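Asker: I'd like to go over a predicted model; first the sequence, then the structure.
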Amino acid sequence: MSSKSAFHYNISFTVPANKPESNPKLTSGDLWLGIAHVAHTPQEFAPYVAKTDVLWRAPEQQRLGRAVELTNGGVHTTKGQVLYQEVKICDTMLVEARTEDTGAKTTFLLSYNIGATVSPDSTDISFTVIYELRVAGVLEGSAKAEEIKRDYPELARKACTDTVEQIRQCKLDGRLARFDRG
C-alpha cells in the first residue's frame, strides 16, 4: 500500500506493572506469560476482538499468522472486519502484530525499570503498548483522521492499563498458571 493513500497515526503508553497497592504483584515471568498469551488469543483481553484464528505457526514458535475478527469498539475499524496479521514473538520482551494489507503494527512490550534486578521474579517492571496505525482511504486533515486523533489515545491508554490488570486477574484466579509456556 502506498503511504500516500493511508493516514498514519502513532501513539504509545507505558504503565508500571505494579503499584504499591497492587495485589498480587506481577513478576516479569507473569507479565510475559500474559503478553505471549495475547499473541494467540487477543479476544480474551480486547473487547473489540470477536475471535482469532491462528492460521500458521513457525516451527521455532517465534512467529505466527492469525486472522482477527473485530466487533464493535474499534476507533478505525468496523464490526465483522477481519485483519490478517503476522505476529513476531521476541521471547520475554515483546509481541508485535503487523497487519498484512496496511503495515499497521501493534506492539506489547515488557521492560525492566531502570533500578530493577533482571530476573523472571522481578516485580520492578513496566508494560508498554505501541500502536502504529495505517488507515487506508483516510486523508490527513479529514473528519475521520481528526476522529482517530481524538479517540484513539483513550483506546490505547485503556488497552495499556486494562491488559496489565487482566493479567493480574488471571494470576489471582489461577488462569495464568494454565497459559501455554511453550
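Answerer: On my side now, so go ahead.
Asker: Might you list the low-confidence residue ranges for this structure?
Answerer: Residues of the chain that meet the criterion pLDDT under 70 lie in 1-4, 73-77, 181-182.
Asker: Now do the helix ranked longest in it: distance to the chain's middle.
Answerer: Longest helix in the chain by number of residues, with DSSP state H as the criterion: helix 143-173. Relative to the centre of its chain, helix 143-173 is centred 9 Å away, using C-alpha atoms, centre = their mean, to the nearest Å.
Asker: which strands and helices sit next to that helix?
Answerer: strand 6-16, helix 28-40, strand 125-136 (3 or more C-beta pairs under 8 Å, 6 or more residues apart in numbering; DSSP states H and E). All C-beta atoms are positioned from the backbone trio N, CA, C, and that covers glycine.
Asker: hey, C-alpha coordinates of the shortest one in PDB?
Answerer: This points to strand 6-16. This file holds the C-alpha atoms of strand 6-16, laid out as PDB (Å, rounded to 0.1, in the frame of the first residue of the first chain):
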ATOM      1  CA  ALA A   6      -3.100   5.900   4.100                       C
ATOM      2  CA  PHE A   7      -3.500   8.000   7.200                       C
ATOM      3  CA  HIS A   8      -0.700   7.400   9.700                       C
ATOM      4  CA  TYR A   9      -1.100   7.800  13.500                       C
ATOM      5  CA  ASN A  10       1.400   6.600  16.100                       C
ATOM      6  CA  ILE A  11       0.800   6.500  19.900                       C
ATOM      7  CA  SER A  12       2.200   4.600  22.900                       C
ATOM      8  CA  PHE A  13       1.600   4.400  26.600                       C
ATOM      9  CA  THR A  14       3.600   2.800  29.400                       C
ATOM     10  CA  VAL A  15       2.400   1.800  32.800                       C
ATOM     11  CA  PRO A  16       4.200   0.300  35.800                       C
END
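Asker: in the sheet, who's paired with residue 135?
Answerer: residue 7 (DSSP bridges).
Asker: so it touches residue 78, yeah?
Answerer: No. The pair residue 135 / residue 78 is not scored as a contact, 11.8 Å apart, by C-beta atoms under 8 Å.
Asker: related to what we said a few turns ago, give me the buried stretch members for the longest helix of the chain, please.
Answerer: 145, 148, 152, 155-156, 159-160, 163-164, 167-168, 170-171 (16 or more other C-beta atoms under 10 Å).
Asker: ok, which pair from the residues you listed is furthest apart?
Answerer: Of all pairs drawn from the buried residues of helix 143-173, the widest gap by C-beta to C-beta lies between 145 and 171 and measures 39.2 Å.
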